[in-house]
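Asker: What follows is a predicted protein model with its sequence.
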2 protein chains.
Amino acid sequence: MADLDLTGDVVALTRTICDIPSVSGDEKELADAVEAALRGCAHLEVLRDGDAVVARTNLGRPTRVVLAGHLDTVPIKDNLPVVEDGEILRGRGTVDMKAGVAVMLQLAALLETPRYDVTYVFYDHEEVAAALNGLGRLVRNHPEWLAADFAILGEPSDGTVEGGCQGTMRVKITVPGEAAHAARSWRGSNAIHSAGAVLDVLRAYEPRRPVVEGLQYREGLNAVKIEGGIAGNVIPDLCTIFVNYRFAPDRDTDAAEAHLREVFAGFELEVTDRAPGARPGLDQPAAKEFVELVGRTPQAKLGWTDVSRFAGLGIPAVNYGPGDPLLAHTDGEFVPVPEIRVALQNLTNWLS
Amino acid sequence: MADLDLTGDVVALTRTICDIPSVSGDEKELADAVEAALRGCAHLEVLRDGDAVVARTNLGRPTRVVLAGHLDTVPIKDNLPVVEDGEILRGRGTVDMKAGVAVMLQLAALLETPRYDVTYVFYDHEEVAAALNGLGRLVRNHPEWLAADFAILGEPSDGTVEGGCQGTMRVKITVPGEAAHAARSWRGSNAIHSAGAVLDVLRAYEPRRPVVEGLQYREGLNAVKIEGGIAGNVIPDLCTIFVNYRFAPDRDTDAAEAHLREVFAGFELEVTDRAPGARPGLDQPAAKEFVELVGRTPQAKLGWTDVSRFAGLGIPAVNYGPGDPLLAHTDGEFVPVPEIRVALQNLTNWLS
């Protein structure tokens, strides 16, 4: 088993944990190494569930914060081991999100008496189906392990604080028709033509850009799949359109569904997938302090992230981590070394 | 090998040839039986190519007509052997088109000295891909076998004469977009939404209903397939719509294509499939006589049929046969017995 040096250089630590492959489902080696290293810290209580490792201080502070990150990566594409290229680390997992994990591991080891009690959460299966998500499993199996007043998820955020996240909902819209031979099309009713009315709605739709707790979100309503047609000589009797709604966290999933049913009134609509957003939570004292310390204008998080799982437990949460989130999942992903050091410094200052 | 009695009852002959299964590709047994029975007629010259059988009189008449029918059927669906149900024959092939074939076989055997020279054509592979079509193969291999002044295709036509046929063209319209994560949809361009403009054109389109040589045709322009979408969280970068244009025989395929390029101006359009229509040809003397003899108002043929293959050889052609064409390919297809007898009588009167 790899022996992790949590108290040495955080950039070296990032490289080390990137070079232990941990594609979703294959996190055990890295989780074992993380657990062993954390168990070497006398000031931490260490817990484990599957390949999720939780470590926490128990100093009796009035406020407890969570620092969380996932251990898994998307599949490797000839981009390991990590290459150090000037001031950047390039390779699978560098930006998403082993740099953030390395920062948290070092904080866990070095901060014996932080000003807030801290719960460090390192979990598995973030990059795959939501049902497998390790943080979701902890929420179900051990919600008490996650109890806190505020949480920071170390996903890449370009070094700014990204508050909350937008929700997402997918609906299937079924447009019926009546089949007929294409040589006598007037005997039928063309479902694909009728689906044009759904596309009319989508084209005319003006997405909201609401400001929630000071952050501006930006919604989106998009067809992500369309299919219809039986054969080259048959008038289609069915056309199906899958629509994805990304909604700001001032709407819950019920409100989002009601909105879609209003927008697509008259069409047969089925919700196939839903995940709530999360409010930014920047009105919490610990959050305010952190935002001031980072010293940059916080941004709204547009994509759905595990921040929402904390929101589901009533815990305000933000994203904060080194690197450009747009590089996540790209084969050329990288993280700038200075951003790793800045993130470590900001979190250290906040917790000391 | 089945022994066909061509000179007995035409309804019994219809049953017999229906009960010899001859799904496309499996016509050999029936073709062998047809060839053997025709070779038993001393007044006929018999020719064969694959599973197509051609028989003809050589009386030196100034006019020659073709009577043609296909031997194959669509797949059997527990609908053989034929059931006689009151005044109808029910089962695979009854209406499409063994009744018409039986009428022609009887004419071939009984009419030793018809008033026109007659070429009887029984062919394979009509119900499958056009490239396999047995009549098309004869056109390529032995156009001289088909030489004639007028042709009647014995497809079901409800006992009226159906003139000509409409052409058909399929085009693929490609609508591009730009992929982006659905959480940041404004960074991309939604190809499915853009495809709405194609559906607008289709919904607003007013098909022509031109009169050609006295027969009214009815065109149609329909999407028959649509597909687009990559994943549930990606803005689609491509949407493809397949459109089928059925056009009256006053337009050739070049004119049809030019029309589509005008209708869909600004969109990327590729012709994937084309087949010309055929003018009714009812101005031919032999055709006029036949129409008068049938005594019913001729109708425009809307669907594409092999009539067009004769048109390609410069031979005017019509559809005339017993049964309702809308029953073709249905599992419950049937043919009314009286219509078989009327067809036999009309063709006998015309040729005697």
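Answerer: Right, received. Where do you want to start? Numbers count the residues shown, from 1 in each chain, chains lettered A, B, ... in the order given.

Asker: Let me know the secondary structure of residue A:331.
Answerer: coil (DSSP: H, G, I helix; E, B strand; the rest coil).

Asker: What is the burial count for the closest residue to it other than its chain neighbours?
Answerer: Counting by Cβ to Cβ, 6 or more residues apart in numbering or on different chains, residue A:331 lies nearest to residue A:77, which is 4.5 Å off, once chain neighbours are set aside. (Glycine included, C-beta is placed from N, CA and C.) Neighbour count of residue A:77, defined by other Cβ atoms under 10 Å in any protein chain shown: 11.

Asker: SS state for residue A:77?
Answerer: coil.

Asker: Let me see the backbone angles for it.
Answerer: When read as degrees, to the nearest 10, the backbone of residue A:77 gives phi -130, psi 70.

Asker: separation between it and chain B?
Answerer: To chain B, residue A:77 is 18 Å away according to Cβ to the nearest Cβ, to the nearest Å.

Asker: Assess the claim that that residue and residue A:91 are in contact.
Answerer: No: with contact defined as Cβ atoms under 8 Å, residue A:77 does not reach residue A:91; the gap is 10.1 Å.

Asker: mind checking which helix or strand the closest residue to residue A:163 other than its chain neighbours is in?
Answerer: Spatial nearest neighbour of residue A:163, chain neighbours left out: residue A:280 (2.8 Å); criterion: Cβ to Cβ, 6+ apart. Following DSSP states H and E, one finds residue A:280 outside all helices and strands.

Asker: burial measure for residue A:280, as a count.
Answerer: Per other Cβ under 10 Å, the neighbour tally for residue A:280 reads 29.

Asker: and residue A:184, helix, strand or coil?
Answerer: helix.

Asker: Identify the residue nearest the spatially most central residue of chain A in space, chain neighbours excluded?
Answerer: Per Cα atoms, centre = their mean, the C-alpha nearest to the average position across chain A is that of residue A:305, at 2.3 Å. Spatial nearest neighbour of residue A:305, excluding adjacent residues (Cβ to Cβ, 6+ apart): residue A:165 at 4.8 Å.

Asker: Report the contact partners of that neighbour.
Answerer: Residues counted as contacts of residue A:165 (Cβ atoms under 8 Å, 6 or more residues apart in numbering or on different chains) are A:249, A:277, A:278, A:301, A:302, A:303, A:304, A:305, A:307, A:308, A:319.

Asker: mind checking how far the first one is from residue A:163?
Answerer: When distances are taken as Cβ to Cβ, to the nearest Å, residue A:249 and residue A:163 turn out to be 9 Å apart.

Asker: overlap in contacts of the two?
Answerer: Contacts common to residue A:249 and residue A:163, judged by Cβ under 8 Å, 6+ apart, are A:279, A:280.

Asker: When those two are compared, which one has more neighbours?
Answerer: Taking neighbours as other Cβ under 10 Å, residue A:249 and residue A:163 compare with residue A:163 leading, 29 against 26.

Asker: partners of the more buried one in the sheet?
Answerer: Going by DSSP bridges, residue A:163 is paired in beta bridges with residue A:300, residue A:318.

Asker: ditto for the one 10 residues further on
Answerer: As for beta bridges, residue A:173 partners with residue A:241, residue A:269 under DSSP bridges.

Asker: Now do it, the pLDDT please.
Answerer: For residue A:173, the model assigns a pLDDT of 98.

Asker: do residue A:124 as well
Answerer: 98.

Asker: if we can go back for a sec, check contacts around the residue nearest to residue A:163.
Answerer: Counted by Cβ under 8 Å, 6+ apart, residue A:280 has contacts A:163, A:164, A:212, A:213, A:214, A:215, A:249, A:298, A:300, A:316, A:318.

Asker: Please tell me how far it sits from chain B.
Answerer: For residue A:280 relative to chain B (Cβ to the nearest Cβ), the value is 16 Å.

Asker: What subset of the contacts of residue A:280 is buried?
Answerer: A:163, A:164, A:212, A:213, A:215, A:249, A:298, A:300, A:316, A:318 (16 or more other Cβ atoms under 10 Å in any protein chain shown).

Asker: So which of those residues is the closest to chain B?
Answerer: Of all these, chain B sits closest to residue A:300, with 11.1 Å by Cβ to the nearest Cβ.

Asker: Please tell me how far that closest one sits from residue B:95.
Answerer: 66 Å.

Asker: Okay, now the unreliable bits of chain A?
Answerer: Within chain A, not a single segment meets pLDDT under 70.

Asker: would you list every one of the helices in it?
Answerer: A:10-18, A:28-39, A:99-110, A:134-141, A:191-204, A:253-263, A:285-294, A:307-312, A:337-351 (DSSP state H).

Asker: who wins for proximity to residue A:3 among these?
Answerer: helix A:28-39 (7.3 Å; Cβ to Cβ).

Asker: Just the buried positions in that closest one, please.
Answerer: Here helix A:28-39 shows A:30, A:31, A:32, A:33, A:34, A:35, A:37, A:38 as buried, counting by 16+ other Cβ under 10 Å.

Asker: From the contact counts, what lies against that helix?
Answerer: helix A:10-18, strand A:45-49, strand A:52-56, helix A:99-110, strand A:117-123 (3 or more Cβ pairs under 8 Å, 6 or more residues apart in numbering or on different chains; DSSP states H and E).

Asker: need these in CSV with mean neighbour count and distance to chain B, can you?
Answerer: Shown next, in CSV, are the helices and strands packed on helix A:28-39 (neighbours: other Cβ atoms under 10 Å in any protein chain shown; distance: least, Cβ to the nearest Cβ, whole Å):
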stretch, mean neighbour count, distance to chain B
helix A:10-18, 22, 23
strand A:45-49, 16, 28
strand A:52-56, 25, 24
helix A:99-110, 26, 19
strand A:117-123, 25, 21
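
Asker: would CSV of those with distance to residue B:81 be doable?
Answerer: Converted to CSV, the helices and strands packed on helix A:28-39 look like this (distance: least, Cβ to Cβ, whole Å):
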stretch, distance to residue B:81
helix A:10-18, 72
strand A:45-49, 68
strand A:52-56, 68
helix A:99-110, 74
strand A:117-123, 67
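
Asker: In contact with the closest residue in space to residue A:54 that isn't next to it in sequence, which residues are there?
Answerer: Spatial nearest neighbour of residue A:54, excluding adjacent residues (Cβ to Cβ, 6+ apart): residue A:47 at 4.3 Å. By Cβ under 8 Å, 6+ apart, the contact set of residue A:47 is A:53, A:54, A:55, A:56, A:142, A:145.

Asker: For residue B:101, which of the helices of chain A is the nearest?
Answerer: Using Cβ to Cβ, the helices of chain A put helix A:191-204 closest to residue B:101, at 36.8 Å.

Asker: The closest one vs helix A:253-263, what angle?
Answerer: Angle of helix A:191-204 versus helix A:253-263, following axes from the mean of the first three to the mean of the last three Cα atoms, to 10 degrees, is 120 degrees.

Asker: which of the residues in helix A:191-204 are buried?
Answerer: Neighbour-count burial for helix A:191-204, with 16+ other Cβ under 10 Å as criterion, is recorded at A:191, A:192, A:193, A:194, A:195, A:196, A:198, A:199, A:201, A:202, A:203.

Asker: burial measure for the spatially closest residue to residue A:78 that is not a sequence neighbour, as a count.
Answerer: Excluding the flanking residues, the one nearest residue A:78 by Cβ to Cβ, 6+ apart is residue A:331, at 7.8 Å. Neighbours of residue A:331 under the rule other Cβ under 10 Å: 13.
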